[in-house]
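Asks: A structural model of the following input is requested.
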Amino acid sequence: MAEKRQPKRKRKWSKNVKTESTFPPKGTFTKPAAEVARTMARKSVSPGGLGSAIRMIQMFINRAGKGLTSSRKRELEKAKKILQRHNEQSAGA
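Replies: This next block holds a predicted model:
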């Protein structure tokens, strides 16, 4: 009788990423979009600029995966859009 194999679990590379130097304050990603964007735009949180802030939000979304509610994901996507608009305005000026 053949044994049933367990499907291999894919390991996510994002699980191993640990950045202490620019880690946002605890609870940042549970706030409204405007507040998330404001916090992430600070130099103390994102010394690499707005692009870095956008990537950190996206990284959080990716790491949360299926555990992230659709309403929370929408709010974080709004925060990214706010930062993207601000980044475009500052690049054009």
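Asks: contacts, neighbours, all on C-alpha from now
Replies: Fine.
Asks: can you list the weak-confidence ranges in the protein?
Replies: Across the chain, the ranges flagged by pLDDT under 70 are 1-22, 93.
Asks: Could I get the full set of strands for it?
Replies: For the chain, strands defined by DSSP state E do not occur.
Asks: centroid residue for it?
Replies: residue 57 (2.0 Å; CA atoms, centre = their mean).
Asks: give me every residue that touches it.
Replies: 76, 80 (CA atoms under 8 Å, 6 or more residues apart in numbering).
Asks: From residue 77, how far out is it?
Replies: Distance of residue 57 to residue 77, computed by CA to CA, to the nearest Å: 8 Å.
Asks: State which helix of the protein is the longest.
Replies: Counting by DSSP state H, the longest helix found in the chain is helix 70-92.
Asks: Next, the buried residues of that one.
Replies: Residues of helix 70-92 classed as buried by neighbour count (16 or more other CA atoms under 10 Å): 72, 73, 75, 76, 77, 78, 79, 80, 82, 83, 84, 87.
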